[in-house]
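requesting a structural model of the entry that follows:
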Amino acid sequence: MGDPLNESRRWLVLLAVGVGTFMSALDGSVVNTVLPVIRQSFGSSVAAVEWVITVYLLTVSALLLTFGRLGDLRGHKAVYVAGFCVFVLGSALCGVAPAAGTLVAFRGVQALGAAMLFANAPAILTKNFPAHRRGRVLGIAATMTYLGLTAGPSFGGWLAVLFGWRSVFYINVPIGLFALLLSVRFIPRDSAGRSERFDAAGALTFLGGLVALLFAMNRGHAWGWGSPFVVGSLSGAGALLGVFLTVELRTRSPMLDLDLFRNRMFSAATASALLNYVCLYSVLFLMPFYLIQGRGLNPAQAGLLMTAQPLVMAVAAPLSGMLSDRIGSRLPGTLGMAVMSAGLYLLSRLGQQTPLSHAAAGLAVVGLGTGIFISPNSSALMGSAPLSRQGIASGILATARNVGMVLGVGLAGAIFTTVLARSPGGQTAALFGAVAASHRMACGVAVLAALASALRGRSSGAPSPRS
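Below is the predicted model of the structure:
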């Protein structure tokens, strides 16, 4: 690739993508925080209001590959800018929703725009920065994500108290319009691969299969893994994803180019990313139970203590990205997952009398490991894909994150509820035992991720011939 951008223009591209990344992360964490307020406002059941989160997750996850591929075919900037328009519209509609069901529908619109943003942001950065800066730039983008996650709980609570829960959605409108203007003005228009056709059959079978899989993983621990709905969803997911793979192997212009996985670097980076997010979201699911139900903290106190993790991640990610530009991705990626496994082991040792400072330290170690891992791994994944497949690679990276999130919550929830139900002790003792068992599971997954990262082979910070 040539070098058409001057230095200042490149950083404006990063600003445009960073603001969008921050907005998306802020929205996710803010909405989670005000969910009880939304439930009370509409007088809805917990099960009904949970769909405000679930529909967003399912929609984003199922459409990432589709919009990544569309970015390859129609231009990443075009899809990214359209994503801002849809996201801002969806946010405004959520703010005026008259009932819980309407809010769920409008969250689906918002998720449609978010998928367009998530699937194309890494590809835009990879195309507009030289390969020897890729880790640093992706690390800065990751920092914007973690800052959004960190600010979300307290900012959302503040907005809800002063202006009501609807302001949580309205705040996306000015932020989104600002990011839209930056994107239109500063992101260069990229060439589109119009000689290839969009794989509609692959997109539809993947959409159906992944939605069925994520739905089962999301609801399995609540409904029971042997329930007819969960078993039926898993069976349908297996059948549809099998058809999807068959379609992709036979079509000339696949939505998911399976040849990418012949590259050991790409395959290992994808697998370790998926496992990393399984671990990360296991922690996010489990720690509120430990801190609020087990230790008696209120939600504000628990949220403040849990910011130890994203704050450390925000500092470590760009530093690790810069290091990987010099020495390659294998060492920092493997080290990061090893550190994360150590942090998960520390969290598995928490008990009823453990000082809360130990819990904060364990979360900080988990955050350090994730921060060390995420930028080099993302750089390796994006750098090992050819330019014509950057949208697919970007979609795979985002899909690994979302599927890992659902698997992490599903696995941790399954172990947590199983141990809790079978424990012969009192409810409090059972809670601590269930949290410890779930963290031990996550620790084992982190070890597997470290092994996957170590198997990726040697890489250097030098530009890849195809990137």
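
please count neighbours and contacts with C-alpha atoms only from this point.
Fine.

dump the C-alpha coordinates for stretch 337-345 into PDB.
Written as PDB, here are the backbone C-alpha positions of stretch 337-345 (Å, rounded to 0.1, in the frame of the first residue of the first chain):
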ATOM      1  CA  MET A 337      -2.500 -14.500  28.800                       C
ATOM      2  CA  ALA A 338      -0.100 -16.000  31.400                       C
ATOM      3  CA  VAL A 339      -0.500 -12.900  33.500                       C
ATOM      4  CA  MET A 340      -4.200 -13.000  33.100                       C
ATOM      5  CA  SER A 341      -4.300 -16.700  34.300                       C
ATOM      6  CA  ALA A 342      -2.400 -15.600  37.400                       C
ATOM      7  CA  GLY A 343      -4.900 -12.800  38.100                       C
ATOM      8  CA  LEU A 344      -7.800 -15.300  37.700                       C
ATOM      9  CA  TYR A 345      -6.100 -17.700  40.100                       C
END
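
contacts for it?
Taking contacts as CA atoms under 8 Å, 6 or more residues apart in numbering, the residues outside stretch 337-345 that touch it are 276, 362-370, 373, 439-440, 442-444, 446-447, 449-450.

repeat that for stretch 180-189.
Contacts for stretch 180-189 (CA under 8 Å, 6+ apart): Arg9, Leu12, Val13, Leu15, Ala16, Val17, Gly75, Lys77, Ala78, Val81, Phe84, Cys85.

avg pLDDT for that stretch?
Averaged across stretch 180-189, the pLDDT comes to 90.

next one: Gly139 from Leu305, what distance?
As judged by CA to CA, to the nearest Å, Gly139 and Leu305 stand 24 Å apart.

what of Gly75?
Using CA to CA, we find Gly75 at a distance of 42 Å from Leu305.

rewinding a little: just the ones of the contacts of stretch 180-189 in helices?
Arg9, Leu12, Val13, Leu15, Ala16, Val17, Lys77, Ala78, Val81, Phe84, Cys85 (DSSP state H).

filter those residues down to the buried ones, PyMOL style.
Entered in PyMOL, the line below selects the buried ones among the ones in helices among the contacts of stretch 180-189, by 16 or more other CA atoms under 10 Å:
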select buried, resi 12+13+15+16+17+77+78+81+84+85
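
continuing past the helix or strand Leu162 falls within, what's the next helix or strand?
Under the criterion DSSP states H and E, the helix or strand holding Leu162 is helix 134-163. Using DSSP H and E, the next helix or strand after helix 134-163 towards the C-terminus is helix 167-170.

remind me what that next one packs against, helices and strands.
Contacts defined by 3 or more CA pairs under 8 Å, 6 or more residues apart in numbering; DSSP states H and E place helix 167-170 against helix 7-42, helix 76-95, helix 134-163.

that helix: what's the following helix or strand?
Counting by DSSP H and E, what follows helix 167-170 is helix 172-186.

now do that next one against helix 76-95, angle only.
170 degrees (axes from the mean of the first three to the mean of the last three CA atoms, to 10 degrees).

centre of the chain to the first helix or strand past helix 172-186 going along the chain, how far?
Next along the chain after helix 172-186, taking DSSP H and E as the criterion, comes helix 200-223. Computed by CA atoms, centre = their mean, to the nearest Å, the chain-centroid distance of helix 200-223 equals 17 Å.

stretch 9-27 too?
Centre to centre, stretch against its chain (CA atoms, centre = their mean), the figure for stretch 9-27 is 16 Å.

residues touching it, excluding its own?
With contact meaning CA under 8 Å, 6+ apart, stretch 9-27 is reached by 114, 117-118, 121, 125, 128-129, 137, 140-141, 144-149, 151-152, 168-169, 172, 175-176, 179-180, 182-183, 186-187.

with stretch 265-277 instead?
Under CA under 8 Å, 6+ apart, the answer for stretch 265-277 is 260-261, 337, 370, 374, 377-378, 380-382, 384-385, 396-397, 400-405, 408, 445-446, 448-450, 452-453, 455-457.

in that stretch, what counts as buried?
Under the neighbour-count criterion of 16+ other CA under 10 Å, stretch 265-277 has 265-277 buried.

show me what the host helix or strand of Leu448 is packed up against.
Using DSSP H and E, the element containing Leu448 is helix 427-454. Other elements packing on helix 427-454 under the criterion 3+ CA pairs under 8 Å, 6+ apart are helix 264-288, helix 330-348, helix 390-422.

from Ala359, how far out is the spatially most central residue of the chain?
What sits nearest the mean C-alpha location of the chain, by CA atoms, centre = their mean, is Arg401, with 4.0 Å. Plainly put, Arg401 is 25 Å away from Ala359 if you go by CA to CA.

same question for Ala151.
As judged by CA to CA, Ala151 and Ala359 stand 20 Å apart.

who's more crowded, these two?
It is Ala359, of Ala151 and Ala359, that has more neighbours when counted by other CA atoms under 10 Å, with 24 against 18.

ok, now which ones touch the more buried one?
Leu347, Leu350.

now it, what's its secondary structure?
Following DSSP: H, G, I helix; E, B strand; the rest coil, the label given to Ala359 is helix.

for PyMOL, what selects the buried ones among the contacts of stretch 265-277?
Typed into PyMOL, the next command selects the buried ones out of the contacts of stretch 265-277 (criterion: 16+ other CA under 10 Å):
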select buried, resi 260+337+370+374+377+378+380+381+382+384+385+396+397+400+401+402+403+404+405+408+445+446+448+449+450+452+453+455+456
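
number of residues surrounding Gly343?
Neighbours around Gly343, by other CA under 10 Å: 24.

can you list the buried residues in whichever strand or helix holds Gln301?
Gln301 belongs to helix 299-306 when assigned by DSSP H and E. Within helix 299-306, the residues scored as buried using 16+ other CA under 10 Å are Ala302, Gly303, Leu305, Met306.

quick one: the helices and strands packed on helix 167-170 as a markdown table, columns for distance to Glu50 and mean pLDDT too.
Formatted as a markdown table, those follow (distance: least, CA to CA, whole Å; pLDDT from 0 to 100):
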| stretch | distance to Glu50 | mean pLDDT |
| --- | --- | --- |
| helix 7-42 | 8 | 81 |
| helix 76-95 | 15 | 94 |
| helix 134-163 | 17 | 77 |
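
I'd like these laid out as CSV, including distance to Leu210.
Output for these, formatted as CSV (distance: least, CA to CA, whole Å):
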stretch, distance to Leu210
helix 7-42, 20
helix 76-95, 21
helix 134-163, 24
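
quick one: which of the ones you listed is nearest Arg219?
Of all the helices and strands packed on helix 167-170, helix 7-42 sits nearest to Arg219, with 17.0 Å by CA to CA.
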